[in-house]
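[1] Sequence isn't available, so here's the structure alone:
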Ligand code: SAM
């Protein structure tokens with residue numbers, strides 16, 4: 001069925017259309033997501049239904065969000081279409097919180113994401129995390145490495161800190177470029193992001209965490225006493241038990257939270273300076 005659909009659709013690059021074609025990989029992905037009848041699953045970018053169809057075999061309803069009207073026309077012809085709640089929308093501006101209020105409860109979001117929007121989409125979804133049970137995404141390998149990176153790792157940065165602040169993240173599968181059509185230039189990784197129930201991290205204001213990481217990682221190799229000098233004096237860093245000679249890439253998420261909460265308390269005075 002997947003092969004037949006190929007002939008009716010020319011992949012659109014700007015929509016990141018690399019369709020899954022390996023049946024074993026598709027089955028492994030469905031197994032990892034492990035959907036249950038009573039859960040509300042939301043697929044971003046159903047495309048030619050590589051994941052949509054097997055998912056519909058296990059569910060009574062499936063919410064899908066797709067930006068390409070041609071793909072939606074093809075979807076309409078499929079036998080499982082009656083199970084779908086279709087949104088012809090951009091996943092980057094979609095209101096996921098509304099789904100919760102439309103009696104769908106907590107949502108489980110999944111998708112083989114268009115790689116050009118995956119980072120922005122994940123950051124956008126964090127803003128609506130209160131209605132999310134979990135997220136299972138196919139990502140470009142480098143993005144997945146950034147999500148799970150620890151301090152000291154070359155991939156560790158803002159995305160690692162903000163993502164791990166919200167979620168616990170697990171790499172589930174490594175996927176070869178040959179499993180897609182057309183074949184992408186990059187390797188892929190399927191990951192699970194589950195919002196913390198008892199978070200190890202606490203900040204009063206996540207915007208301040210975002211601001212500090214933004215400033216710190218503008219110069220990731222600079223010592224903190226230089227890169228963060230507009231926000232914290234050397235004396236303050238020492239008081240917060242953070243070595244001012246360390247660099248942005250060496251500071252743990254807990255330490256970034258400590259910096260954020262200090263700034264939150266003193267913000268009027270310090271934030272005026274920047
Ligand atoms: N799920 C299919 C699969 O695994 O074969 C297709 C995956 S393909 C990598 C990405 C899909 O996301 C395409 O169907 C594409 O049209 C859709 N898409 C791209 N940008 C989107 C956006 N901003 N909002 C919703 N869907 C989008």
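    On my side now, so go ahead. Just so you know, these numbers come straight off a predicted model, no measurement behind them. Residues are numbered from 1 along each chain as shown.
[2] Give me the pLDDT for residue 4.
    Here the pLDDT value assigned to residue 4 is 53.
[3] One more: the one 3 residues further on?
    At residue 7, the predicted lDDT confidence score is 60.
[4] Also the one 4 residues further on?
    For residue 11, the model assigns a pLDDT of 91.
[5] ok, it - contacts?
    17, 18, 19, 181, 182 (Cβ atoms under 8 Å, 6 or more residues apart in numbering). Any C-beta I mention is one placed from the backbone N, CA and C, and that applies to glycine too.
[6] Return the set of residues that bridge with the third one.
    Counting by DSSP bridges, residue 19 is bridged to residue 181.
[7] which non-adjacent residue is nearest the closest residue to the ligand within the chain?
    Of all residues in the chain, residue 45 sits closest to the ligand, at 2.0 Å by Cβ to the nearest ligand atom. Distance criterion Cβ to Cβ, 6 or more residues apart in numbering; nearest residue to residue 45, sequence neighbours excluded, is residue 111 at 5.2 Å.
[8] Let's verify the one you found: helix, strand, or coil?
    Here residue 111 is recorded as strand under DSSP: H, G, I helix; E, B strand; the rest coil.
[9] Flag every residue of the stretch 101-250 of the chain that's near the ligand.
    Neighbours of the ligand within the stretch 101-250 of the chain, by Cβ under 6 Å from any ligand atom: 112, 114, 117.
[10] Pull the contacting residues for the closest residue to the second one other than its chain neighbours.
    What it means is residue 114. With sequence-adjacent residues excluded and distances taken as Cβ to Cβ, 6+ apart, residue 114 is closest to residue 16, at 2.5 Å. Neighbouring residues of residue 16 by Cβ under 8 Å, 6+ apart: 45, 113, 114, 115, 116, 117.
[11] pLDDT for these - can I get that in CSV?
    Shown next, in CSV, are those (pLDDT from 0 to 100):
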residue, pLDDT
45, 98
113, 98
114, 96
115, 95
116, 95
117, 97
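[12] what about this protein, any weak spots by pLDDT?
    Low-confidence segments of the chain, defined by pLDDT under 70: 1-7, 268-274.
[13] Spell out which residues make up each domain of it.
    Here the domain parsing of the chain from automatic domain parsing is 5-195, 206-273.
[14] Run the chain-centre distance for the last one.
    Okay, so that is domain 206-273. Relative to the centre of its chain, domain 206-273 is centred 25 Å away, using Cα atoms, centre = their mean, to the nearest Å.
[15] ok now do residue 56, which residues does it touch?
    The contact partners of residue 56, taken as Cβ under 8 Å, 6+ apart, are 62, 80, 83, 84.
[16] Show me those residues that map onto helices.
    In helices, judged by DSSP state H, none of the contacts of residue 56 are found.
[17] Out of those, the closest to residue 187 would be?
    Distance to residue 187, by Cβ to Cβ, is smallest for residue 62 among the contacts of residue 56, at 27.8 Å.
[18] so the closest one makes contact with residue 87?
    No: with contact defined as Cβ atoms under 8 Å, residue 62 and residue 87 do not form a contacting pair (11.5 Å).
[19] Those two: which is more packed in?
    residue 62 (23 against 18; other Cβ atoms under 10 Å).
[20] Specify the beta-bridge partners of that one.
    Using DSSP bridges, the bridge partners assigned to residue 62 are residue 84.
[21] Now do it against residue 21, distance only.
    Distance of residue 62 to residue 21, given as Cβ to Cβ, to the nearest Å: 20 Å.
[22] again, but for residue 235
    59 Å.
[23] in the stretch 51-200 of the chain, which spans are helices?
    Here the stretch 51-200 of the chain has its helices, by DSSP state H, counting those that start in this stretch, at 52-56, 69-76, 96-99, 118-126, 141-148, 158-166.
[24] Which other helices and strands does the second one contact?
    What it means is helix 69-76. With contacts taken as 3 or more Cβ pairs under 8 Å, 6 or more residues apart in numbering; DSSP states H and E, helix 69-76 sits against strand 62-66, strand 84-88.
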